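Chemist: pasting the sequence and the predicted model now:
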Amino acid sequence: MISMKPFRAIVGAFICAGTLVLAPAVFGQEPAQGTSQTRQAQRDDDTNLDTQLYLILATNRDIDEGKIPAVLDPMIKRLRESLPFKHYSLAGTFLNRVKNFGRLEVSWIGGPFVNASAPLGNPSFNQFATTVTLATDNEGKQVVRLRDFRFGAKVPIVVGSVGNTTNASTAERPVPVINYESIGLHTDLSIREGTPAIAGTLHVGPSGDAIVVAISARRAD
């Protein structure tokens, strides 16, 4: 008669070995399931954010700076300390709303970007786009990530002049020759929620002026 003890020991050993082999595979699936759930939660997040784009003209020409919003005071102070321009004025501010993890794209026709370079009031053509995401930094503080941040503009630049031959009363007055030049900025950045941050500086034309591109974002009320 064959003893059952050795047989039972062999079967038990196979069961233990199978458990050890299957356990890593089972445990390894849990993070993937958690990641899938996280992604689903992100897609279902209905949080909206208000983004505010600021375009600041920096120049050495004598211009009226006008009133600058108080929220930009720390930024303007930093600009005066780091860039060699005499005057700063707010050329434009644009408010847009976007869903968390959403893509924002805006284009518009603006007024003269740089008055000295566009004496006839020629407009500029502008585009702004980014993907906005709420996140937490290494210190556990809330930040807003702006991925694939793009700002571009076509601005009018005076490149010469020609005599006016179409009107006898103004025949001696030269007519400016204007070309449109493209300027742009492309970057990824993270900013504190509700705090404006400088995204970049763009020099514009022979006048020596510059456009400072700043952005802020915060959860919508």
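Modeler: Good, I have the coordinates. Quick caveat: nothing in here was measured; it's all calculated off a predicted structure.
Chemist: who's in contact with the spatially most central residue of the chain?
Modeler: What sits nearest the mean C-alpha location of the chain, by Cα atoms, centre = their mean, is residue 149, with 3.4 Å. Taking Cβ atoms under 8 Å, 6 or more residues apart in numbering as the criterion, residue 149 is in contact with 129, 130, 185, 186, 187, 188, 189, 199, 215. Placement of C-beta: from N, CA and C, glycine included.
Chemist: if I look at the second one, how far off is residue 148?
Modeler: When distances are taken as Cβ to Cβ, to the nearest Å, residue 130 and residue 148 turn out to be 6 Å apart.
Chemist: any idea which strand is longest in the protein?
Modeler: If you go by DSSP state E, the chain has its longest strand at strand 142-163.
Chemist: how close does the residue nearest to the centre of the chain get to residue 109?
Modeler: Distance, residue 149 to residue 109, using Cβ to Cβ: 21 Å.
Chemist: again with residue 56
Modeler: Residue 56 is 19 Å from residue 109, by Cβ to Cβ.
Chemist: please apply the same query to residue 217.
Modeler: For residue 217, the distance to residue 109 - Cβ to Cβ - is 24 Å.
Chemist: for those two, indicate the residue with more neighbours.
Modeler: Taking neighbours as other Cβ atoms under 10 Å, residue 217 and residue 109 compare with residue 217 leading, 28 against 8.
Chemist: quick check: phi and psi on the more buried one?
Modeler: phi -150, psi 140 (degrees, to the nearest 10).
Chemist: might you report the residue contacts of residue 49?
Modeler: By Cβ under 8 Å, 6+ apart, the neighbours of residue 49 are 97, 98, 99, 100, 132, 134, 144, 217, 218, 219, 220.
Chemist: would you state the helices of the chain in chain order?
Modeler: For the chain, applying DSSP state H gives helices covering 4-43, 73-82.
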